[in-house]
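Novice: What would the 3D arrangement of this be:
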Amino acid sequence: MNAPTPAVPTAVLQLGAVALPNGLLWLERSRALVVADAHLAYEEAIGGALPLWSTGEALATLERAVARSGAREVIFLGDIIHGSRMSQGAAEIVRDALAALRRACEVTLVAGNHEGRTRGVAVLGETVLFAERDGWLLVHGDDVAQGGTRRIVGHLHPTIPLGGGKSAPAFLASARLIVVPALTPYSTGLNVLSRACTQALRAFGCSAAEFAVVASGDSRVYPFGSLTALRAATAGASAGGRYARKRLSPD
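Specialist: I've put the predicted structure just below:
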């Protein structure tokens, strides 16, 4: 794979919408951080006796980002939790984590498909189906028919394959659609080089040729330029469509 342009602290995806490390999106006018697909309490959902370590890590990541940016709001873009059915202890851990974040800024919870028909109210309290900020409609992305000519979505978990079965979370950005990568470390991810990604974007009425790609690390972001150019440079490297970031899958 050809090297991307040099790593940078942030990258502008569209005017006023900026890619940050850790897969976070910054909306300048609203001073809002957007995070997608946290899948909190995932460890309990898969069974066994694993501690809910990823919930604490997600909270710490967001608290640091709020402190650095001076964000007024954090918007969760759906799939906040991995499932609405969980033990009382796990529910309390999730509630405490969100309460801690609310002490730093406003928190808006957009429901996704993993919140189910209840929209996760029993665990999360109030959730909404969408939010509107800075001329964008913010929705989870599982319902492609949901209105809005400019949308910011999660749901797809886009990633760039790195070889050796590893991948990196990545933003996809066009003038009409921004796809935010998943925060959860357990995501298998949707390979942006794959036909499945093309089909997913087409469902939103978008062509893959419209999109730029920015990979996101823990401290920097990596602009790869256009998706079309990236695919041309990596022809033959996208077989399989999905690459595991870790051994477990949220779906």
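Novice: Give the full set of residues in contact with residue 44.
Specialist: 50, 52, 86, 87, 90 (Cβ atoms under 8 Å, 6 or more residues apart in numbering). In this view, the C-beta of every residue, glycine as well, is placed from N, C-alpha and C.
Novice: what about it, which SS state?
Specialist: In three-state terms, and counting by DSSP: H, G, I helix; E, B strand; the rest coil, residue 44 is helix.
Novice: Hmm, residue 40 and residue 62 touching each other?
Specialist: No - using Cβ atoms under 8 Å as the test, residue 62 is too far from residue 40 to be in contact (11.0 Å).
Novice: Which one's more surrounded, these two?
Specialist: Legend: neighbour count by other Cβ atoms under 10 Å for residue 62 and residue 40, higher for residue 40 (30 against 26).
Novice: per-residue pLDDT, the more buried one?
Specialist: Note on residue 40: pLDDT of 93.
Novice: Please pull out the lowest mean pLDDT helix or strand from this protein.
Specialist: Lowest on mean pLDDT, DSSP states H and E among the helices and strands of the chain sits helix 42-45, with a mean of 83.
Novice: Show the average pLDDT along the helix or strand just after it.
Specialist: Using DSSP states H and E, the helix or strand that directly follows helix 42-45 along the chain is helix 53-69. Taken as a whole, helix 53-69 has a mean pLDDT of 94.
Novice: Return the distance of helix 53-69 from the chain's centre.
Specialist: For helix 53-69, the separation from the chain centroid amounts to 14 Å (computed by Cα atoms, centre = their mean, to the nearest Å).
Novice: Show me which residues of it are buried.
Specialist: Neighbour counts over helix 53-69 (16 or more other Cβ atoms under 10 Å) mark 54, 55, 58, 59, 61, 62, 63, 65, 66, 69 as buried.
Novice: Many thanks, have a good one.
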